[in-house]
Each structure stands twice: as structure tokens, then as C-alpha cells.
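[1] Here is a sequence with its predicted model. Questions after.
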Amino acid sequence: MTDARTEGDFAGKVALVTGGGSGIGRAIALDYAAKGGTVVVLGRRPEPLEETARLAEKLGAVADFVSCDVRDADAVTAAVDAAVERHGRLDALVNNAAGNFTVPGKDLSPNGWRAVIDIVLNGTFFCTRAAAQHMLAAGAGAILNVIATYAWHGHPGTVHSAAAKGGVLAMTRTLAVEWAASGVRVNCIAPGPTETEGAGAALWASEQDRRRVLGSVPANRFTSPEEVAESASFLLSERARYITGEVLTVDGGQWLGKQIYGDSRS
Ligand code: HXC
């Protein structure tokens, strides 16, 4: 969402958003575009990426897409370098690409474990490493990693994703300190239950599950990709210039709202 205060926040700037073909990634790319920035969306399937780029162009932005699997370090480096070559700079990287499904830990195959760790933990590092070469040379940049609150509280059925997101949180804090003096900020956003096709199918496939998840949110509603994108844009903007190594939780109070001794909510 753009208003008089945020309009033009990203004028002349360029962002790369992984997993930008759908859900939260698409919403972040479009919010960046609406605030005047150029966006490059990166993901595996070109069709949804092209659609995001088309929607960003409709907002008056320059937009581009690149088909690439974040698990392939060489392809990631080539994609990031090509984006900088085409658009002249890189101001922001959003590590949003993720893979997820719920499964009891004892039933998770080594391949299933590897698939999620590769996408979330390794993919985030590969993209961060490639983008940082340009940002550190320029002396400025903002990196934003999309995690989940179970990165710190854990959650049954998500051992692969929770371990990967926990790793991304540690990566964020580590690199934030390494790069603070060079003008490169690294932060996380932790969205709660968000109405997207990917999360819905992976995490609350049945109506019963959906009701149960909704019941866990003190705010009593899901969030939207657009609402998450507003917070993401804040962290990517100059308005957050003194914030690094932080996590902004956007979850309607979900992780704090465990009702163990009875419900005192009004
Ligand atoms: C058990 C499963 C499984 C499932 C896959 N596997 N799905 N095991 N239950 N539901 C196993 C497979 O059997 C295989 O192991 C291994 O995982 C790799 O599966 P592939 O399909 O070959 O891998 P790939 O095509 O690379 O797909 C990766 C993926 C997929 C992670 C499995 O789901 C994916 O790409 N998803 C991307 C989109 C997505 O999930 N987005 C949602 C993010 S939401 P074997 O041993 O059989 O070879 C999110 C929100 C979290 O992260 C926060 C909420 C609050």
C-alpha cells in the first residue's frame, strides 16, 4: 500500500525478490514497484514470474524476471550478476523462496529434509552471497529474509522448515554484524498465517485445519500478502536505516497467544 509518506520510497532503486511469482513474494515485488522501484523476480517457473513483472509494469515500474533455482549456486550468481548488469545496481534482496510441507520428523525422508534445507537455508545463503558482492562494493543495501516464528519456538511437523528458518535467523544476525559498517542491512520478517495458495495447500489443507489455525491467532484473522508486504517495504526502506539483525513478526499475536491456563482475551 502506498500513501503520501511512502510514495517514492524506492524511486531509482532496484530489488530482487526470490519466489516472486506468487504469494508474499509477488506482493512484496508489487509493493516495491508501487513505491517507485524497479523489480526483478526470480523463481523456478517463468510463467508466474512473467505475470508478476507484467503486474509491476502496470503500476508504472520497470520490471524483469529470471528463471532460476535458488539451490543452484552458480545459476544464482549468474542471475544476480545479470540483473545488476541490466539494471545498473542492486539495492534490495528479498529471500522469500521457500519449500514446505508438514510431516512428522520420524517419517521425513533424507531427500525431503534436503529439499527444504536446500531451498530455504542454502538458497538464502547463495542469493545473499551473490547480492552482497554488489551491495558491499556499493556501500549500501538491504537484505530481507522471510522466515516463520517457528524458527525460534519450533513446531511439530515442521522440523525441516523450522531448522532451515532457524538457520536463516542465525545467518541474518551474523551477517548483519559483519556488514553493518559497510552499509548493508540484513533483517527478517516473520509472517503468521497468510492467505496464499502455497501456504494454504501446505499448512491448512482441510477446512478443519483452517479453522484450527485461525483459532490460534489472537487477532482472529489471517493476514494478507499485501499486509506482509507493507512491513517488508518498511524494512527495505531508508526509514529502517538504523535497523539491522532484527526480526519483525507480523502474526496477529499468534506465537505469543498460546492459551494454556484459560482464555482471558476480550
Ligand atoms: C512427505 C514429502 C512431501 C510431503 C515432498 N516430499 N512432499 N514428504 N510429505 N507432503 C518429499 C518427497 O517424497 C521427496 O523425498 C522429497 O520431499 C523431495 O520432493 P520433490 O517433490 O522431488 O522435490 P522438489 O520438486 O524439489 O520440491 C520441493 C518441495 C516442494 C519442498 C518438496 O513442496 C516445493 O518446491 N514447494 C515450493 C512451494 C512451497 O512449498 N511453498 C510453501 C511455502 S509456505 P523422497 O525420499 O521421496 O525422494 C511456508 C510458510 C511457512 O514456508 C510459515 C507458516 C507460518
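    Cool, the structure landed. Here the structure is a predicted model, which is why all the values come from computation and not from measurement.

[2] any idea how far residue 107 is from residue 160?
    Distance, residue 107 to residue 160, by CB to CB, to the nearest Å: 11 Å. C-beta here means a position set from N, CA and C on the backbone, and glycine is covered the same way.

[3] So these two - more neighbours on which side?
    With neighbours defined as other CB atoms under 10 Å, residue 107 and residue 160 compare such that residue 160 has more, 24 against 8.

[4] which residues touch that one?
    Contacts for residue 160 were tallied using CB atoms under 8 Å, 6 or more residues apart in numbering; they are 103, 108, 112-113, 115-117.

[5] Same list, these, but as JSON lines with secondary structure and pLDDT please.
    Formatted as JSON lines, these follow (DSSP: H, G, I helix; E, B strand; the rest coil; pLDDT from 0 to 100):
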{"residue": "103", "secondary structure": "coil", "pLDDT": "95"}
{"residue": "108", "secondary structure": "coil", "pLDDT": "98"}
{"residue": "112", "secondary structure": "helix", "pLDDT": "98"}
{"residue": "113", "secondary structure": "helix", "pLDDT": "98"}
{"residue": "115", "secondary structure": "helix", "pLDDT": "98"}
{"residue": "116", "secondary structure": "helix", "pLDDT": "98"}
{"residue": "117", "secondary structure": "helix", "pLDDT": "98"}
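
[6] Kindly identify which of the residues you listed also come near the ligand.
    103, 112, 115-116 (CB under 6 Å from any ligand atom).

[7] from these, which two are the most distant?
    Maximum pairwise distance in these, criterion CB to CB, is 11.3 Å, between 103 and 115.

[8] what about the strands in the stretch 51-200 of the chain?
    In the stretch 51-200 of the chain, the strands defined using DSSP state E, counting those that start in this stretch lie at 63-67, 92-95, 141-146, 184-191.

[9] Pick the most deeply packed of the ones you listed.
    Among these, strand 92-95 has the highest mean neighbour count (mean count of other CB atoms under 10 Å), at a mean of 29.

[10] Kindly tell me how buried the residue in the stretch 1-150 of the chain that the ligand sits nearest to is, as a neighbour count.
    Scanning the stretch 1-150 of the chain for the residue nearest the ligand gives residue 99, at 2.6 Å (criterion: CB to the nearest ligand atom). Other residues near residue 99 come to 20 when the count uses other CB under 10 Å.

[11] For the stretch 51-200 of the chain, what lies in contact range of the ligand?
    Residues of the stretch 51-200 of the chain lying near the ligand (CB under 6 Å from any ligand atom): 98-101, 103, 109, 111-112, 115-116, 119, 148, 161, 192-193, 198-199.

[12] Identify each buried residue in stretch 204-218, please.
    Buried residues in stretch 204-218, counting neighbours by 16 or more other CB atoms under 10 Å, are found at 204, 213, 216-218.

[13] from these, which single one is nearest the ligand?
    Looking across these and measuring by CB to the nearest ligand atom, the closest to the ligand is residue 213, at 8.6 Å.

[14] so which strand or helix has the closest one?
    helix 207-215 (DSSP states H and E).

[15] Give me the mean pLDDT for the very next helix or strand once past that helix.
    Proceeding N to C from helix 207-215, the next assigned helix or strand is helix 225-236, under DSSP H and E. The average pLDDT for helix 225-236 rounds to 98.

[16] List of residues touching the following helix or strand past helix 225-236?
    Counting by DSSP H and E, the element after helix 225-236 in chain order, helix or strand, is strand 247-250. In this structure, residues lying in contact with strand 247-250 by CB under 8 Å, 6+ apart are 147, 149, 169, 172, 187-192, 223, 227-228, 231, 234-235, 255.

[17] Repeat that for stretch 193-212.
    With CB under 8 Å, 6+ apart as the contact definition, stretch 193-212 has outside contacts at 22-24, 98, 100-102, 213-214, 216-217, 222-225, 228, 251, 254.
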